[in-house]
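1. Any chance you could fold what I've pasted below:
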Amino acid sequence: MMMIGIARERVLSDSDLIGESLRSPAVFFELFDRHFQPLHRFLQARGVGDGAADLAAETFVVAFRRRASFDRGRADARPWLFGIALNLARNEARSERRRLRALPSLVERPDATDADVVARLDSQAMPLREALAGLAEDERDVLLLYAGEELTYEEIADALGVAVGTVKSRLHRARTKVRAKLEQHQEGVGGDVG
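-> Alright, predicted model coming up:
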């Protein structure tokens, strides 16, 4: 009986790809092809929204720069990549919170430019911005998707990768906190008049 030799292409592990990419950087694209979609889905489910693709791509930029420090004893790079993605998403959320908190002080400066005044939008919107900045990230995401984007509970649950009951609970907490903050602001405005 004659043996027919069939050449099989060896599929490299993530660790092997990363090691090979140290000698031939273009090999790293294979890691991108394998793991971009799962990272993108994760970031979308986390509520990053339109920035999910950018953060997923940035994850690979960071990973490429740090590839020499990857623990080559681990065959699968997914935990490493998801850790980078999660840190980037958290950094982005912190930056957003800082921008929201800084907005009132920016427009109250005496040397405010026309651009600063435009950024002010409307003095009535400022208490709302402050209230939104004070929400937990998951509560703010749900409230903005519901009120701003007019998504249904089911659509929000799908977008965030959570149960509909979780969406309702977060929305209730967010509404309660925003309402209390706006009422507190209104009482403060009313108290200054007298």
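
2. any idea which helix or strand comes after the worst-scoring helix or strand of the chain on mean pLDDT?
-> Using mean pLDDT, DSSP states H and E, helix 114-120 stands out as the lowest-scoring helix or strand of the chain, at a mean of 49. Next in sequence after helix 114-120, counting helices and strands by DSSP states H and E, comes helix 125-133.

3. buried sites along that next one?
-> Neighbour counts over helix 125-133 (16 or more other Cβ atoms under 10 Å) mark 126-127, 130-133 as buried. Quick note: C-beta positions are derived from backbone N, CA and C, even for glycine.

4. what does stretch 10-21 give?
-> Going by 16+ other Cβ under 10 Å, stretch 10-21 has these buried residues: 14-15, 17-21.

5. Now render those residues as a markdown table, adding secondary structure, pLDDT and distance to residue 51.
-> Rendered in a markdown table, the data for these read as follows (DSSP: H, G, I helix; E, B strand; the rest coil; pLDDT from 0 to 100; distance: Cβ to Cβ, whole Å):
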| residue | secondary structure | pLDDT | distance to residue 51 |
| --- | --- | --- | --- |
| 14 | helix | 93 | 25 |
| 15 | helix | 94 | 29 |
| 17 | helix | 94 | 27 |
| 18 | helix | 95 | 26 |
| 19 | helix | 95 | 31 |
| 20 | helix | 94 | 31 |
| 21 | helix | 95 | 26 |
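
6. closest to residue 61 among those?
-> residue 21 (13.3 Å; Cβ to Cβ).

7. wait, what's in contact with that closest one?
-> Under the criterion of Cβ atoms under 8 Å, 6 or more residues apart in numbering, the neighbours of residue 21 are 27-28, 31, 64, 67.

8. For ChimeraX, write the select line for the buried members of these.
-> To isolate the buried members of these in ChimeraX, using 16+ other Cβ under 10 Å:
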select :27,28,31,67
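
9. Let's see which of the contacts of residue 21 end up in helices.
-> Of those, the ones assigned to helices by DSSP state H are 28, 31, 64.

10. which among the residues you listed gets closest to residue 182?
-> residue 64 (45.7 Å).

11. Break this protein into its domains for me.
-> 14-120, 123-194 (automatic domain parsing).

12. Which residues are in contact with the residue positioned nearest the centre of the chain?
-> Nearest to the mean C-alpha position of the chain, by Cα atoms, centre = their mean, lies residue 48 at 3.2 Å. For residue 48, the contacting residues are 55, 89, 92, by Cβ under 8 Å, 6+ apart.

13. Do a quick rundown of the helices in the protein.
-> With helices called from DSSP H, the chain shows them at 14-23, 28-45, 52-65, 78-107, 114-120, 125-133, 137-143, 153-160, 164-193.

14. With distance to residue 71 added, can I get these in TSV?
-> Converted to TSV, those look like this (distance: least, Cβ to Cβ, whole Å):
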stretch	distance to residue 71
helix 14-23	8
helix 28-45	15
helix 52-65	13
helix 78-107	8
helix 114-120	45
helix 125-133	38
helix 137-143	30
helix 153-160	31
helix 164-193	34
